[in-house]
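Chemist: Predicted coordinates and the sequence they were generated for:
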Amino acid sequence: MSYQKENILIVDDDIDVLELLQRQLEALKYYTFKAVSVKEAVAILKGNTIDLLVTDLQMPEVDGFQLIQYVAENYPKLPVLVVSGFISAKGALKMGKSGVVDYLVKPFTKEELKVAIDKSIDKSSPRIVDVNQHKFTAKYDEIIGESDAIIKVKDIIDRVKDIKATVLIQGESGTGKELIARAIHYNGKYARAPFIAVNCGAIPENLLEAELFGYEKGAFTGANENRNGFFQAANGGTIFLDEIGNASAKVQNSLLRVLQEKEVIKVGAQKAQPIDVRVIAATNSNLMEMVQNNKFRQDLFYRLAVVEIKVPTLNNRKADIPLLIDKFLTKYGLEYKDRLLKISQEAIDLLLRYSWPGNIRELENCIQRAVIMSDKSIEVSHLPDTLKYQIEFPEEELISLAAMEKKYIKKVLLAVNDNKTKASEILGIDRKTLRNKLND
């Protein structure tokens with residue numbers, strides 16, 4: 001085995017241990033990066049290609065477990081080796097669930113380190129997980145959720161990732177349609193081929209055809225040279241056509257030809273070019289309704305919808321909200337605060353009650369703002385006011401509007417330790433109004 005191209009990131013707050021590991025690894029012909037904190041480690045991960053993470057667990061501020069969690073969510077294919085002075089049974093179980101491939105207990109010999117490194121780097125096959133008895137050959141860590149609705153989505157991804165069948169992803173804005181398209185591409189056998197994402201809604205209608213298929217010199221005013229389009233750039237790989245419902249009738253005709261004939265014709269050209277591209281389209285529009293209203297070609301719809309993925313709204317997969325909160329707390333806690341923040345149960349309850357019309361994107365923005373506004377723990381007071389007044393209560397509670405208001409005011413007062421001024425600010429009312437409501 002050749003070690004010349006393997007980059008290893010070592011993370012330990014003990015400088016002596018860090019330098020010892022570096023010397024031993026460089027003697028084994030590995031290239032090393034060093035970090036004395038999780039913050040430094042995250043910066044190195046973002047700017048470099050790392051083949052293995054070697055980390056201690058006990059570190060100040062942000063510990064190794066939090067780094068492991070961050071890596072599992074943002075670099076799911078990166079193997080992790082833990083090197084620590086003591087690992088409890090609980091810690092070992094926690095590491096196993098986080099995807100750690102091996103661990104060493106200090107002190108250890110150079111040979112023991114070599115064996116552990118070899119094992120960690122060689123163990124690169126996708127991990128198998130069993131969630132609600134649904135099995136996958138990959139975890140798709142970037143798609144957070146264990147609800148039945150998201151399990152179904154992962155199942156379809158697993159079935160289509162290695163074939164070039166056309167896929168149509170349908171779902172509201174903010175549900176993660178592009179994330180699913182990328183999961184299909186980068187977890188399959190075409191992962192090394194190009195992935196080109198095109199937002200059809202962001203390109204002016206008169207330019208979309210030229211951008212997609214390219215053009216010949218002189219085809220129109222401003223066409224001063226021959227130019228390839230997005231389809232040529234994606235040749236051999238995947239093109240993701242987001243907001244396909246915005247495509248004009250002319251572009252729809254051209255897309256139909258691409259899917260039927262496996263070839264494209266540049267604007268202004270006479271000769272077609274063969275093309276080998278997997279097409280994944282996405283829309284937040286009801287394409288079938290558009291077909292019925294003669295706004296979208298029926299034959300193109302059926303060509304695109306060889307495989308359909310219907311992405312659930314966040315309101316229909318609320319069981320996944322705590323997992324998404326953890327992901328965003330990790331992401332923005334490390335980015336803005338150099339540590340993970342906690343969140344109160346009252347704040348979680350409020351987030352679970354909300355209907356999330358903006359879906360995952362709205363939840364992420366909400367957590368991002370809350371992290372910025374808080375210091376140690378996210379409380380109800382750190383959440384947007386619009387969210388606090390649009391709580392969705394289960395139908396079975398059958399409570400009146402007055403009772404709902406009373407219940408909410410009590411929760412807000414509890415969250416601010418009965419501070420009437422703060423409660424008034426959160427509720428968006430003055431102290432006199434709050435006093436009257438309390439008296440009532």
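Modeler: Sure, I can see it.

Chemist: Centre of the chain to the helix or strand hosting Asp349, how far?
Modeler: For Asp349, the host element (DSSP states H and E) is helix 345-353. How far helix 345-353 lies from its chain's middle: 22 Å, per CA atoms, centre = their mean, to the nearest Å.

Chemist: Next one: the closest residue to Ser285 other than its chain neighbours from Val267, what distance?
Modeler: The shortest distance from Ser285 to any non-neighbouring residue, by CB to CB, 6 or more residues apart in numbering, is to Gly245 (3.6 Å). Glycine gets a C-beta too; all of them are placed from N, C-alpha and C. Going from Gly245 to Val267 by CB to CB, to the nearest Å gives 22 Å.

Chemist: after the helix or strand harbouring Lys410, next one along is what?
Modeler: Using DSSP H and E, Lys410 sits in helix 401-415. For helix 401-415, the following helix or strand on the C-terminal side (DSSP H and E) is helix 420-427.

Chemist: other SSEs contacting that next one?
Modeler: helix 385-388, helix 401-415, helix 431-439 (3 or more CB pairs under 8 Å, 6 or more residues apart in numbering; DSSP states H and E).

Chemist: What average pLDDT does that helix get?
Modeler: Taken as a whole, helix 420-427 carries a mean pLDDT of 75.

Chemist: same thing with stretch 37-48?
Modeler: 81.

Chemist: Quick one: residues in contact with it.
Modeler: Stretch 37-48 is contacted by residues 7, 9, 11, 13, 33, 35, 50, 53, 55, 59-64, 66-67, 70-71, 74-75, 78, 334, 338 when judged by CB atoms under 8 Å, 6 or more residues apart in numbering.

Chemist: How about stretch 267-278?
Modeler: 164-167, 185, 190, 209-210, 213-220, 223, 231-232, 234-239, 258, 261-266.

Chemist: Write a PyMOL command that selects only the buried members of those.
Modeler: Buried members of these, defined by 16 or more other CB atoms under 10 Å, are picked up in PyMOL with:
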select buried, resi 166+167+185+190+209+210+213+214+215+216+219+223+231+232+234+235+237+238+239+258+264+265+266
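
Chemist: from the contacts of stretch 267-278, which ones fall inside strands?
Modeler: Among these, the ones falling in strands (DSSP state E) are Val167, Thr238, Ile239, Glu263, Val264.

Chemist: which two from those residues end up farthest apart in space?
Modeler: Val167 and Glu263 (20.4 Å; CB to CB).

Chemist: did I read that right, Phe108 in a helix?
Modeler: No - applying DSSP: H, G, I helix; E, B strand; the rest coil, one finds Phe108 to be coil, outside a helix.

Chemist: And this structure, what are its domain boundaries?
Modeler: 7-122, 134-310, 316-439 (automatic domain parsing).

Chemist: Against Ile429, how distant is the residue nearest the centre of the chain?
Modeler: What sits nearest the mean C-alpha location of the chain, by CA atoms, centre = their mean, is Glu142, with 4.4 Å. Noted for Glu142: a distance of 42 Å to Ile429, by CB to CB.

Chemist: if we can go back for a sec, which SSE is immediately downstream of the helix holding Asp349?
Modeler: With DSSP H and E, the next secondary element past helix 345-353 is helix 359-373.

Chemist: Following that following helix in sequence, what is the next regular element?
Modeler: Helices and strands here follow DSSP H and E; after helix 359-373, the next one along the chain is strand 377-378.

Chemist: Okay, now the unreliable bits of the stretch 1-150 of the chain?
Modeler: 1-5, 60-62, 85-99, 101, 123-139, 141 (pLDDT under 70).

Chemist: Sketch out the strands for it, chain order is fine.
Modeler: Counting by DSSP state E, counting those that start in this stretch, the stretch 1-150 of the chain has strands at residues 7-11, 31-35, 52-55, 80-84, 102-105, 129-131, 134-136.

Chemist: Comparing the ones you listed, which comes out most buried?
Modeler: strand 52-55 (a mean of 24; mean count of other CB atoms under 10 Å).

Chemist: What's opposite Glu308 in the beta bridge?
Modeler: Residues in a beta bridge with Glu308, per DSSP bridges, are Leu168.

Chemist: wait, it sits on Gln170?
Modeler: Yes - if you go by CB atoms under 8 Å, Glu308 and Gln170 touch, sitting 6.7 Å apart.

Chemist: the more surrounded of those two?
Modeler: Counted by other CB atoms under 10 Å, Glu308 and Gln170 do not tie: Gln170 has more neighbours, with 20 against 12.

Chemist: Roughly how far does that one sit from Gly245?
Modeler: Distance of Gln170 to Gly245, computed by CB to CB: 10 Å.

Chemist: And Ile309, by the same measure?
Modeler: Using CB to CB, Ile309 is found at 16 Å from Gly245.

Chemist: before we move on, what about Asn316?
Modeler: Relative to Gly245, Asn316 is positioned 21 Å away (CB to CB).

Chemist: The two: which is more packed in?
Modeler: Gly245 (19 against 15).

Chemist: I'd guess that one is in a helix, am I close?
Modeler: Yes - checked against three-state DSSP, Gly245 lies within a helix.

Chemist: isn't it right next to Val291, touching?
Modeler: No - counting by CB under 8 Å, Gly245 does not reach Val291; the two are 10.5 Å apart.

Chemist: which residues do Gln170 and Gly245 both contact?
Modeler: Thr283, Asn284, Leu287.

Chemist: Quick check: pLDDT value at the last one.
Modeler: The model reports Leu287 with a pLDDT of 92.

Chemist: ok, it - how many residues close by?
Modeler: Neighbours of Leu287 (other CB under 10 Å): 22.

Chemist: wait, doesn't it sit right on Gln298?
Modeler: No - using CB under 8 Å, Leu287 is not in contact with Gln298; the gap is 9.6 Å.
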